[in-house]
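Asker: build me a model:
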Amino acid sequence: MARKIYVGARIFDGERFHDDKALLVANGLVEAISAKTDLPEGETVLLDGGILAPGFIDAQVNGGGGRMLNDEPSTASMYLIADGHRPYGTTSLLPTLITDTGEATAAAIEAAKEAAKANRGVAGLHLEGPHLAPARKGAHLAELMRPVEDKDVKALVAARQSIGTLLVTMAAEQVTARQVRELSEAGVTVSIGHSDCSSEQAEARFDAGARGVTHLFNAMSQIGHRAPGLAGAAIDHPAVWCGIIADGHHVDPKALRVALRAKRGEGKLFFVTDAMSLVGSKSDTFMLNGRVVRREKGGFCSKLVLADGTLAGSDVDMASTIRYGITYLDLSLAEALRMATLYPARFLRLQDRGRLSPGLRADLVHLTDGIQVTKTWISGKPN
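Answerer: Modelled structure (predicted):
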């Protein structure tokens, strides 16, 4: 692939901005960020102002483009979901299977083995269940939830070896510290979520290797002044990463601002969308485990609810989340971009992306100054 030289936009490298510079890309990889004098030969790509940044990374995407992964846990679904989120700047995501049958879980694992190798925006797999706590089920089906068995650990370790990046959400009540340690030592990323555990239970899982918590504040034990719960333990533990849904419905912005100020451990909060099939779709309803989920318009973005009013994932995309962070969470533009690029890459240990640094993948997004997506590239190829 011939060298391409991107000029005309501010360059955000995942950590800081570069003004009046050029980005050099060759063979699908970042070559350099260079002064615009004495540039090497190559095809010039002229950008009309705005920002050129690493492509967004989303660790929790249940659906998009009109398809839920649970509807059909296949490679075709994973590609359709990734394609549905691409117009909103996401170039790497983890298709997420919410609590389902053993057959559906096995099918998703097999699909991810192929999809993660195809360089079409699927970076791995997120299994959000079935090892969750019925007391904090959210929109999941409690009757399918169960504790982790040792055979599950062996299956997940084997899956991680084939897929590469495997994130599993588990309730602290449903997994032992020994099992967490075994999974973590094998490279599985363990996140505690949908849990009614005490802070002591959470800390024991963190110390055993659990790396994060799933959608901070949602579907978990809350902070009390004598019982800090999972939310308090996650904010206090310096090594723990926290995904947050910033859509104006899942968490009040005041609570998110408190978490951003209080979190021990620099750069340990990152954006997830928890998006459902309606992102990138014109429909206003979809089915979730045999139940109708409808879109209710209003607020910063629409919300998705079951018949009883329970939130069922989100209707937000990653570019909108960044705009929300700047507008409502007092985030600088640079920090909001880090929370969609650098930080999720670090959490998922995706060492080849999330920054525009020599030798890393040229996964790019071009944004207007108002954080509207104009174009994306995966490994230097436009999408």
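
Asker: in this structure, what residue spans correspond to helices?
Answerer: Listed in chain order, the helices of the chain (DSSP state H) span 75-85, 102-115, 150-163, 177-185, 199-208, 229-236, 253-262, 318-328, 333-338, 342-348.

Asker: TSV please, covering these and showing mean neighbour count, mean pLDDT and distance to Ser277.
Answerer: Placement of C-beta: from N, CA and C, glycine included. Conversion of the helices of the chain to TSV gives the following (neighbours: other CB atoms under 10 Å; pLDDT from 0 to 100; distance: least, CB to CB, whole Å):
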stretch	mean neighbour count	mean pLDDT	distance to Ser277
helix 75-85	22	98	8
helix 102-115	19	97	15
helix 150-163	17	97	22
helix 177-185	18	98	29
helix 199-208	20	98	31
helix 229-236	24	98	28
helix 253-262	15	98	25
helix 318-328	22	98	16
helix 333-338	21	98	26
helix 342-348	24	98	21
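
Asker: turn the ones you listed into a markdown table, columns for distance to Phe12.
Answerer: Formatted as a markdown table, the helices of the chain follow (distance: least, CB to CB, whole Å):
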| stretch | distance to Phe12 |
| --- | --- |
| helix 75-85 | 20 |
| helix 102-115 | 28 |
| helix 150-163 | 29 |
| helix 177-185 | 32 |
| helix 199-208 | 31 |
| helix 229-236 | 27 |
| helix 253-262 | 20 |
| helix 318-328 | 11 |
| helix 333-338 | 6 |
| helix 342-348 | 10 |
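
Asker: of all those helices, which one is nearest Arg291?
Answerer: helix 102-115 (15.9 Å; CB to CB).

Asker: which strands and helices lie in contact with the closest one?
Answerer: Under the contact criterion of 3 or more CB pairs under 8 Å, 6 or more residues apart in numbering; DSSP states H and E, helix 102-115 touches helix 75-85, strand 90-98, strand 125-128, helix 150-163.

Asker: ok, and what's touching that helix?
Answerer: Helix 102-115 has contacts (CB atoms under 8 Å, 6 or more residues apart in numbering) with 69-70, 73-75, 77-79, 95, 97, 122, 124-125, 127, 130, 155, 159, 162-163, 166.

Asker: does Val61 touch Thr96 like I think?
Answerer: Yes: look at Val61 against Thr96 with CB atoms under 8 Å: they come within range, at 5.6 Å.

Asker: shared neighbours, those two?
Answerer: His126, Asp274.

Asker: low-confidence regions, this structure specifically.
Answerer: The model of the chain has pLDDT under 70 over residues 1.

Asker: so what are the domain limits for it?
Answerer: 4-53+358-382, 56-348 (automatic domain parsing).

Asker: pick the most buried one from the ones you listed.
Answerer: domain 56-348 (a mean of 21; mean count of other CB atoms under 10 Å).

Asker: for it, measure first residue to last.
Answerer: One end of domain 56-348 to the other measures 13 Å (CA to CA, to the nearest Å).

Asker: one more: stretch 2-22?
Answerer: By CA to CA, the extent of stretch 2-22 from end to end equals 16 Å.

Asker: same thing with stretch 15-30?
Answerer: End residues of stretch 15-30 are separated by 15 Å (CA to CA).
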